[in-house]
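K.L.:
what's the 3D shape of this:
(2 chains)
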Amino acid sequence: MRHRSAEQIGRTELGPRPLPPLGPPRIPIAPSAVDTVLDSGLRVIAVRRPAVPMVELHLEIPFGGTQRTHPARAEVLAMTLLRGTQRRDRFDIDKVLAAVGGDLSAGVDPEHLSVSGSALASGLDVVLDVLGDALTSASYATAEVARERDRLVERLTMNRSQPQVIAREALQRRRYGDHPFAREWPEADDVAGVTPAAVRALHRRSVVPGGAVLVMVGDIVPASAVEAVATVLADWRSDHPAVELTALPELTGGDLQLVHREGAVQSQLRLSAQAVSRNHERYPALQVANLVFGGYFSSRWVENIREDKGYTYAAHCGFEFTRHGATLIAEADTASEATAAALLETRYELGRLVVVPPDDSEVDSARQYAIGSLTIATSSQRGLAGHLATLATLGLNLDWLLTHTSRLQAVTTGQVAEAAAEFFAPTRFTGVVVGDGKRLADPLAALGGVELP
Amino acid sequence: MSRIPSPTVELHRETLSNGLRVVLSPDQSAPVVAVGVHYDVGFRSEPEGRTGFAHLFEHLMFQGSESLEKLAHFRYVQSSGGSFNGSTHPDYTNYFEVLPSAALERALFLEADRMRAPRITAENLRNQVDVVKEEIRLNVLNRPYGGFPWITLPPVLYDTFPNAHNGYGDFSELEAATVDDCAAFFDAYYAPGNAVITICGDFQVDAAIELVHRHFDDVPGRPVPVRPSFAEPPPDRERRHDQPDPLAPLPALAIGYRLPDPTAGFDGYLAYEMLAAVLSDGDSSRLEQRLVHTDALATDIGARCGLFGAPLDARDPDTFTITAVHPSTVDVNRVIEATDEEIARLAADGPDSDELARITARWAATLFREHDRLVSRTMAIGAFELLHGRAELVTELPVMVAAMGAEQIANAAAALRPDSRAVLIVQPAPSAAGQEA
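P.N.:
Next up, the predicted model:
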């Protein structure tokens, strides 16, 4: 059969039709919740969300450290924390969890040790028991530590071959130099020197409840879940609080750094500037300004460098929150031949946000997106638990989540313009370009504002 | 052991006179709604000489339609508080919006407009060829293990173009795509009778059905293509292929086996889901315990059904894969031998009863957790309805899995035969520079 032409396909007799209006908004109902601090200093947040017969858990323990060996010890600790206790070996732990449809895993970054997982809601007690067991009597057996050390070295090799990771490490060094926050992954040499005794000592000093938060969301009764935590984790105590990461310096703007990567066919653009955090009164206006710049698909930056120019598949600008502050990070990956052009357009859009501020329609679109995407992201157990855990580490709570819609609704176009002018000036940004230095050096030198290798 | 609960999911069906199948699943637990449209065409159906075309066309479906200028689709979804995406699979292409429930009619309008009259222009085609090339650089060319194993294993396991070729496509063939190719592809495959629309979340069933009629009834019906069989015989020997990867720091391998045709019975296929779990779900699973923790032969190992991770996500033929990354000091044959020994042990003895109870509990829990995310549930329901005519699988799977016997899993293990499989070996290789495809 002969097919229609593209022109014929794109037209109907009736012609274009009008966009239907939105229906009446429905406000999310506040779930029942308990948010309390136990005698041990552990904050516990439990929220009922019974959509599926599951429960989500997130434990965040501040886990700062200034010694050069800290990242290696912390990483080995995270990999072996759930790999054996006085009562159970690695395989027993996995079997006990699997029997209740459960999973627990630990990870670490410069700010926190995180343990997260899920299980059938009927298995909450079992998961808490395994968690408490690990927190109070993780054994860090010599063989387990040795095996995880080897795997960690292999995984670090794998990680550091990924362009995203290379770019992240380069950005962290550019932004924070030798500050512990820049050491997200340990050096292989340091890992080789980690002993079981050093990991046990780190556990005693830093795996402590004071200042930590445990979030549970699911088909649970919040008060009973909190009671269960108080009982099961009764022995998890310490005479000192958890260790916070040392304060970060304010970011200042400066030249981007070109970092050469052999064999690259695509470059990573990473630009960053100081911002304000969620608990700041100007955050909602800045959140909207960032969306208009590059925080969602319908933003100026994405529409320019992807939908108009085809320089990138994905460009995104978002917040990175830490305990005492926040930064903006703009990220795009682009072919070597388009990299300089993409950087030029990026600087253009940053400057344009300042001198041609967002208008009412841009502000309203971004505002609706911020409100809707928060409702969607927190409509699953996993999404809500993750959000609450992040908010809790910033000192915020469920109430902040539920009232954020009204803060966004109150933001004016004028406030967004002020935030845009203050935070998006191109000169406030620093960052890196990672790619094929041989192809990038000349065009980037011509543009200026880039430090060449 | 925990008894596995069986949560209910309410399902309703409707078929429009133009052939569009509609599945509705109301759930008022949050003021959110998701709309998914699954078209019965994936990259297995794209023509020779046009690799990557189904995925490129997916991009073009976002580029405007009769009532929507370029960029309008994205703007309307996001300014309504929602998100969107699409993805191209071997046997289908899907599109979705997830939004505050007040925007349901808007999502239906957007999907109907591009099902009725997408606007395909040379300018948008060129722009999206560039974007797709950036996507391929990002996910394949500029990183180690790019396309491993979903692009690199099929040509070792399969002989025919539909099953063996690269669904992302070669740059030269993407660049050769024309507007007329797009028109032909749309007319052939994007008929309403070749699609399923799925609506999940916060709505009233009668009102939603009325809205579907309002927006989709005048999408003209067209003939639906006869779906070809992609069947080919399983390999009659072990096929090995070495692939040098200049960016990879450690060797890796993928072993591919053929899965049974799910139309012969879901149980036969699901036995392999359970087999994958016995082999590699958690520290106590057979392959992890032996290869990663006890013998230290592998850094990481995994087994799964299908190349895209979700159960029952393709028609026959489909692939069971085992992948491993291992240190350079370990010979790849030792990894393969240890894997074969564990599979043989399982084929002989089956899982024990505690092991069986554990993997079924964890598998079901993982599914509940995945489907708690509204958009995941919506896309699973749509795919199950399109591929298998059975949206109900969304609730039936945990029940089917809980009823699985040790012998069925042992039989599945016995069918992973070394003389009928593909082995892809990725070797770190020094190279002057990465090459552009």
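K.L.:
Spit out the contact partners of the residue positioned nearest the centre of chain A.
P.N.:
By C-alpha atoms, centre = their mean, chain A has its centre lying nearest to residue A:320, at 6.8 Å. Neighbour list for residue A:320: A:272, A:326-329 [criterion: C-beta atoms under 8 Å, 6 or more residues apart in numbering or on different chains]. Placement of C-beta: from N, CA and C, glycine included.
K.L.:
just the strands in the stretch 201-350 of chain A please.
P.N.:
Using DSSP state E, counting those that start in this stretch, the strands of the stretch 201-350 of chain A run over A:213-218, A:256-260, A:266-275, A:312-322, A:325-335.
K.L.:
the domain parsing of the chain - what is it?
P.N.:
No chain in the question, so chain A it is. A:33-232, A:256-451 (automatic domain parsing).
K.L.:
you looked at the wrong chain, it should be chain B
P.N.:
Split by automatic domain parsing, chain B gives B:12-216, B:238-428.
K.L.:
Can you check the pLDDT for residue 344?
P.N.:
In the absence of a named chain, this looks at chain A. We note a pLDDT of 98 for residue A:344 in this prediction.
K.L.:
other chain: chain B
P.N.:
For residue B:344, pLDDT reads 98.
K.L.:
residues touching it, list them.
P.N.:
residue B:413.
K.L.:
Residue A:210: neighbour count?
P.N.:
17 (other C-beta atoms under 10 Å in any protein chain shown).
K.L.:
and what of residue B:201?
P.N.:
Neighbours of residue B:201 using other C-beta under 10 Å come to 28.
K.L.:
Next: the one 10 residues further on.
P.N.:
In terms of burial, residue B:211 registers 19 neighbours under the definition other C-beta under 10 Å.
K.L.:
any idea how far it lies from residue B:66?
P.N.:
Distance of residue B:211 to residue B:66, computed by C-beta to C-beta, to the nearest Å: 19 Å.
K.L.:
For the nearest residue to residue A:151 once chain neighbours are set aside, what are phi and psi?
P.N.:
Among residues not flanking residue A:151 along the chain, residue B:299 sits closest, at 5.6 Å (C-beta to C-beta, 6 or more residues apart in numbering or on different chains). Main-chain torsions, residue B:299, degrees, to the nearest 10: phi -80, psi -40.
K.L.:
who touches the residue of chain B found nearest chain A in this structure?
P.N.:
Closest to chain A within chain B is residue B:81: 1.7 Å, counting by C-beta to the nearest C-beta. Going by C-beta under 8 Å, 6+ apart, residue B:81 touches A:368-369, A:371-373, A:375-376, B:99-100, B:103.
K.L.:
Tell me the one of those residues nearest residue B:312?
P.N.:
residue A:376 (26.1 Å; C-beta to C-beta).
K.L.:
Please give the centre-to-centre distance between stretch B:224-242 and its chain.
P.N.:
17 Å (C-alpha atoms, centre = their mean, to the nearest Å).
K.L.:
From the opening residue of it to its closing one, how far?
P.N.:
41 Å (C-alpha to C-alpha, to the nearest Å).
K.L.:
any bit of that stretch sitting next to chain A?
P.N.:
No: Stretch B:224-242 is not in contact with chain A by C-beta under 8 Å from any C-beta of the partner chain; minimum separation 10.0 Å.
K.L.:
coming back round to it: which of the contacts of residue A:320 lies closest to chain B?
P.N.:
Distance to chain B across the contacts of residue A:320 (C-beta to the nearest C-beta) is lowest for residue A:329, with 17.2 Å.
K.L.:
quick one on the thing from earlier: correct me, but the residue nearest to residue A:151 touches residue A:155?
P.N.:
Yes: Residue B:299 lies in contact with residue A:155 (C-beta atoms under 8 Å); the separation is 6.5 Å.
K.L.:
who has more neighbours, those two?
P.N.:
Neighbour totals were compared for residue B:299 and residue A:155, and residue B:299 leads with 23 against 19 (other C-beta under 10 Å).
K.L.:
coming back round to it: which ones among the contacts of residue B:81 lie within helices?
P.N.:
The helices, defined by DSSP state H, take in A:368-369, A:371-373, A:375-376 from the contacts of residue B:81.
K.L.:
Redo the residues you listed as a markdown table? Include distance to residue A:356 and pLDDT.
P.N.:
A markdown table is the format used below for the ones in helices among the contacts of residue B:81 (distance: C-beta to C-beta, whole Å; pLDDT from 0 to 100):
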| residue | distance to residue A:356 | pLDDT |
| --- | --- | --- |
| A:368 | 21 | 97 |
| A:369 | 20 | 98 |
| A:371 | 25 | 96 |
| A:372 | 26 | 97 |
| A:373 | 25 | 97 |
| A:375 | 30 | 96 |
| A:376 | 30 | 97 |
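K.L.:
Between these, which sits nearest chain B?
P.N.:
Nearest to chain B among the ones in helices among the contacts of residue B:81: residue A:372, at 1.7 Å, using C-beta to the nearest C-beta.
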